[in-house]
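**Student:** Give me the fold of what follows.
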Amino acid sequence: MKKIERLNLWNGNPPVNSGLSGNEVLDPEVILELTNVTETELIIYSPDDKINIGAAVIICPGGAYAGLAITTQGYDFAEWLNTIGITGIVLKYRMPNGNKEIPLDDVQESIRYIRKNAKGLKLNENKIGVAGFSAGGHLAALSATLFSEEGISTRPDFSILFYPVISMGLHTQKDTQQNLLGAEPSSLAIANYSCEKQVQPNTPPTLILTSDDDTIVSPVNSTLYYEALKQQQIPATLYIFPQGDHAWGIKGTNMFGQKFDYVEQAKALVLKWLNNHC
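**Tutor:** You can find the predicted model right below:
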């Protein structure tokens, strides 16, 4: 039987303050159901012991760094991962409010925490990956390129990116860029947070899924990242579905309430890829 555990990651003492104040706002009726997020939490979905394969995926929901679509791009995916024996860990990361280091701090500390506590969570510390949706895909890609291997490594063992924002430059999603980097980002900040420019020789294997008709985040982001991965000879797989638009979840509905026709194919592809990398 699956178990769900919640924990506060920084215990009220994060390294950087976003400047946001007040309570977080939850509205299940809107796409960005959780906004004004100022506390980092991990929501850990553990699978039944009988099928647990010892792997975990830290999940970064999307929301243009303004809020989190935490159900469709978090909880739903974690529950599906449980059905295939994988621990799904939803990262409720803080909104940056122009403080670009905050989300990356959160995902890196999450990886450290899970590795440090792997035994108690019945996990293999070398099977800790990240997944991200839209802006959460950008955050997952940041964690796969800007990691540190000093002390407890923050390098994920694999990454899965759903219709990700990758570039902060020409093909970026403007709201995502502004919420992360501020209204007038420097050329250096744009370059440093464009994930296609930060791929390292030891960036982990990556699976990318996007839709050709995405009207919110250009699929060029995905092809830029795939090309950068291949230039470094990183194992990478890219699927571009002909339909789906943006923010489709594992249950097959996108942010506009429309059906994603290829959801079963997408799940099968993710499952097969995970079987090869876990």
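
**Student:** going forward, measure contacts between C-alpha atoms and count neighbours the same way
**Tutor:** Noted.

**Student:** Check what pLDDT the residue lying farthest from the centre of the chain gets.
**Tutor:** In the chain, the residue that sits farthest from the middle, by C-alpha atoms, centre = their mean, is Lys50; the gap is 27.0 Å. With respect to pLDDT, Lys50 scores 96.

**Student:** That one: which element?
**Tutor:** Assigned by DSSP states H and E, Lys50 belongs to no helix or strand.

**Student:** can I assume Trp39 is in contact with Arg94?
**Tutor:** If you look again at residue 39, you'll see it is Glu, not Trp. Yes. Applying C-alpha atoms under 8 Å, one finds Glu39 in contact with Arg94, separated by 6.0 Å.

**Student:** higher neighbour count, these two?
**Tutor:** Comparing Glu39 with Arg94 by other C-alpha atoms under 10 Å, the one with more neighbours is Arg94, at 27 against 19.

**Student:** pLDDT value on that one, please?
**Tutor:** 98.

**Student:** Let me know the secondary structure of Leu238.
**Tutor:** strand (DSSP: H, G, I helix; E, B strand; the rest coil).

**Student:** and it, how far is that from Gly129?
**Tutor:** 17 Å (C-alpha to C-alpha, to the nearest Å).

**Student:** Going by how many neighbours each has, rank those two and give me the top one.
**Tutor:** Per other C-alpha under 10 Å, whichever of Leu238 and Gly129 has more neighbours is Gly129, with 28 against 15.

**Student:** so which helix or strand takes in the more buried one?
**Tutor:** Per DSSP H and E: strand 128-133 holds Gly129.

**Student:** I figured Ile44 hits Lys92, correct?
**Tutor:** No. Counting by C-alpha under 8 Å, Ile44 does not reach Lys92; the two are 10.9 Å apart.

**Student:** for Arg115, what are its contacts?
**Tutor:** By C-alpha atoms under 8 Å, 6 or more residues apart in numbering, the contact list for Arg115 reads 125, 128, 152.

**Student:** Neighbour-wise, give me the winner out of those residues.
**Tutor:** Ile128 leads the contacts of Arg115 on contacts (other C-alpha under 10 Å) with 24 neighbours.

**Student:** Do I have it right that it meets Asp157?
**Tutor:** Yes. Because the distance of 5.5 Å satisfies C-alpha under 8 Å, Ile128 is recorded as touching Asp157.

**Student:** can you give me the helices for the stretch 151-278 of the chain?
**Tutor:** Taking DSSP state H, counting those that start in this stretch, the helices of the stretch 151-278 of the chain run over residues 174-181, 187-192, 220-231, 263-277.

**Student:** could you check the distance from the nearest residue to Gly169 once chain neighbours are set aside over to Lys174?
**Tutor:** The shortest distance from Gly169 to any residue other than its chain neighbours is 6.1 Å, reached at Ile190 (C-alpha to C-alpha, 6 or more residues apart in numbering). To Lys174, Ile190 is 12 Å away according to C-alpha to C-alpha.

**Student:** again, but for Leu91
**Tutor:** From Leu91 to Lys174 the distance is 23 Å (C-alpha to C-alpha).
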